[in-house]
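Student: okay, structure incoming, though there's no sequence with it:
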């Protein structure tokens, strides 16, 4: 199996055991243009998500990820394509009829209602007498029980975010959409909130679609990552797969630093400027483009007469070093553990530690 | 022909893919825009009834040129006096170490509570045989009237508009601009000419715009001072000579003048971008030490505030306390007040109710169509009030005769005139509620109506109340539209002051004028509130 197959066949091949769970949402060939003559905001986007799965739509700003989310929620009209929820076609239903919960980037809490009222506002089908009790349950779950009489502006960003989530969950939706939910949080809060929320969703078997431009967030939070580029889904798969076997140079770069090498393939090996590299999956022939992550490379000291690469920049990042090197006029990046310390200007050799992945796009 | 067809297809395609506003908002908003066109349409319909040969004679009558000259020189005079009143005052309260800045700022806005016709009333009572100066001190001065009477009456009432604009601009001016010019070697006076004045220009022009439109539209002060400007001529044509076609043509000329003001302002401000380019917070400027010039500054302030506040207060006190009218006159005040209020209240409610869909549409569904609908509301604002009133007379006479001489026509016309006023606070209230909160309610399953009731309305309440108050207060002191459209015998506060003053019954007008001034002070309080006047320290 080569990488192109994974792209086309999507997640079914990747993880066959997911098929046993019921399909929660299916998006079929979704297209959207804001104006008749504009480029597509979203073009031919398809994916299927099973119950309890978390999907992250990842991409730079303007790639169409938020538009996709808003189409699923029912706030934007769909030009063509279909959206199925539990097999029910919801493409042309109003947001009210979809039972989809959404947490906005800026939370959209109702400023004139207390925290408790905000959460109770979501329980339209619960009898009025039971609402306070239920609200307490959700606020308790979020660790907000003490704050229920406060107003949104009296809470910190992290607390507001949890209220927004409590309000969304209190409506007991079939699907939860998160629009950049962590981007308004401090860096220190972001990680812990992310972990708490993931644990919560997994416990409740909630199906979630998250939109983000932060690759670390997508990789840690989601079971499936879909990378979007100019309105199209460039690649969808498990975080590990997308990171190690990117479908093109854009995906490779967007998920972190990478070295893109051009080489001549002959079966299972590729001749590159860094020497011969094994191909991770399958075989290839002719000129190919190869992605090698900086942590897949290793530096070894060498006398200057014998060495091929010179260190031109070094960045100490605590647990590791991030080196920029030059070899034969090309630049490479390498991450090494923090005990591998080389001075800027010193000569080293670059060794390839593991096999690289061939980008299917380069022919 | 074919090209226009193609174009319209393209436009409808664009609209189809943009988020489409729901009909229950679009239809009322479109109706509002349609209503806004009524006065324009009927004004031109009526004017178009002139015979071709008559038309040439009407338009090129030498009297028109005289009226134009009179109106322009009146506007010029008012703007000049206003500048001398407002500019130094604004500089004093923002850039110098003068004491009691906050108090002075509030006092400088107070004259807005004295409408032009009340200011004219006060000025008329000063001189002449029966004037206060002669009666009290035996000082004989000529009656203040005519050109200078009109100029001063209007200037003393309107200069706060220019003061507020210039003051805001001075406060917002980044002092680092001045400092960098100084460090480049420019003298203080050069800095003022090259840096400060160009930056004040937009604010000054915006103030001139408001004052200029007001002067064009003013009827009370001009009529009381018997100065032949367009509005006065329109009135005499309409009421005295009953030549309605000529009145319509004079109205159109006045409208053209107002439009040309707007065009000139747009041309001057075109391509001028004066907002500070760099990032960062503007630093307050260093205060100019007045030192020995301080007495001169205070003398100046005394003269400005003394004439604009002291004079009307003194004249009203004179007629109320020293030469009071019969007690029975005072008993008429509450009833007259009630008549004013019972027409102003429905107009306020109607204006706020109509402003709501228009504002919502333009904020939430921005497009060419919705911005056109929004801009249509400014027709009522920019139309000189006398022109608007006359057009509505034509409308009711020609199409809706049952409406003629009814309170309903007055209320509707007030609504048209004040819709733009009502839109201000409602618009900003809608802009402050994010669309997200509505979408959040939709996602929770709430219908648009339920969402409006639970989520939008609580947030808009204050904006709606502010709009109601602004329109109500405007109508309470409004004169020209009331004068033309109020049913016979329905005399409001403003009409009473005007008609008694024009008959020389100064004492009999005083209680009503005082009622207007006291009531208008409320609207000044609201202006102050909206401008968020803070101490400069």
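Tutor: Received the coordinates, thanks. Bear in mind that the values here come from a model prediction, so they are computed numbers and not experimental data. Residues are numbered from 1 along each chain as shown, chains lettered A, B, ... in the order given.
Student: which residues touch the spatially most central residue of chain A?
Tutor: Nearest to the geometric centre of chain A sits residue A:218, at 2.8 Å (CA atoms, centre = their mean). By CB atoms under 8 Å, 6 or more residues apart in numbering or on different chains, residue A:218 lies in contact with A:56, A:58, A:210, A:212, A:225, A:239. Where C-beta positions appear, they are placed from N, C-alpha and C, glycine not excepted.
Student: can I see the domain layout of chain A?
Tutor: The record's domain split for chain A, according to automatic domain parsing, is A:3-99+A:174-253, A:257-359.
Student: still on that earlier bit, of the contacts of residue A:218, which belong to strands?
Tutor: A:56, A:58, A:210, A:212, A:225 (DSSP state E).
Student: which residues of the stretch 201-350 of chain B score low on pLDDT?
Tutor: B:241-242, B:270-286 (pLDDT under 70).
Student: what about 50?
Tutor: Within the stretch 201-350 of chain B, the segments meeting pLDDT under 50 span B:273, B:275-281.
Student: which residues of it lie near chain A?
Tutor: Within the stretch 201-350 of chain B, no position is near chain A by CB under 8 Å from any CB of the partner chain.
Student: helices of the stretch 201-350 of chain B, residue ranges please.
Tutor: Taking DSSP state H, counting those that start in this stretch as the criterion, the stretch 201-350 of chain B carries its helices at B:220-224, B:230-236, B:244-269, B:294-305, B:311-317, B:327-364.
Student: likewise the stretch 201-350 of chain A?
Tutor: A:215-221, A:239-244, A:249-254.
Student: closest one to residue B:146 among the ones you listed?
Tutor: Counting by CB to CB, residue B:146 lies closest to helix A:215-221 out of the helices of the stretch 201-350 of chain A; the figure is 76.2 Å.
Student: could you check which residue of chain A lies nearest chain B?
Tutor: Using CB to the nearest CB, residue A:108 is the residue of chain A that sits closest to chain B, at 3.5 Å.
Student: next, count neighbours for that residue.
Tutor: 25 (other CB atoms under 10 Å in any protein chain shown).
Student: just to revisit the earlier point, would you list the helices of the stretch 201-350 of chain A in JSON lines and tack on mean pLDDT and distance to residue A:347?
Tutor: Below are the helices of the stretch 201-350 of chain A laid out as JSON lines (pLDDT from 0 to 100; distance: least, CB to CB, whole Å):
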{"stretch": "helix A:215-221", "mean pLDDT": "92", "distance to residue A:347": "33"}
{"stretch": "helix A:239-244", "mean pLDDT": "92", "distance to residue A:347": "30"}
{"stretch": "helix A:249-254", "mean pLDDT": "91", "distance to residue A:347": "28"}
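Student: how about those helices, which one is nearest residue B:303?
Tutor: Using CB to CB, those put helix A:215-221 closest to residue B:303, at 66.9 Å.
Student: quick check: phi and psi on the residue lying closest to residue B:304 once chain neighbours are set aside?
Tutor: Using CB to CB, 6 or more residues apart in numbering or on different chains and skipping the chain neighbours, the partner closest in space to residue B:304 is residue B:85 (5.4 Å). Torsion angles at residue B:85 (phi, psi; degrees, to the nearest 10) stand at phi -80, psi -40.
Student: was I right about residue B:85 contacting residue B:303?
Tutor: No: checked against CB atoms under 8 Å, the pair residue B:85 and residue B:303 is beyond contact range at 9.2 Å.
Student: more neighbours: the two, which one.
Tutor: residue B:85 (25 against 12).
Student: who touches that one in this structure?
Tutor: Taking CB under 8 Å, 6+ apart, one finds B:155, B:156, B:159, B:162, B:163, B:304, B:308 in contact with residue B:85.
Student: now residue B:32
Tutor: Contact analysis of residue B:32 by CB under 8 Å, 6+ apart lists B:354, B:357, B:358, B:373, B:376, B:377, B:419.
Student: distance check, the fourth one against chain A.
Tutor: Distance of residue B:373 to chain A, given as CB to the nearest CB, to the nearest Å: 20 Å.
Student: which strands and helices sit next to the host helix or strand of that residue?
Tutor: Applying DSSP states H and E as the criterion places residue B:373 in helix B:368-382. Counting contacts by 3 or more CB pairs under 8 Å, 6 or more residues apart in numbering or on different chains; DSSP states H and E, helix B:368-382 packs against helix B:23-47, helix B:244-269, helix B:327-364, helix B:407-432.
Student: worst-scoring helix or strand of chain B, pLDDT-wise?
Tutor: One helix or strand of chain B scores below all others by mean pLDDT, DSSP states H and E: helix B:2-17, with a mean of 36.
Student: name the helix or strand for the residue of chain B found nearest chain A, please.
Tutor: Using CB to the nearest CB, the single residue of chain B nearest to chain A is residue B:436, 3.5 Å away. Here residue B:436 sits within helix B:435-443, counting by DSSP H and E.
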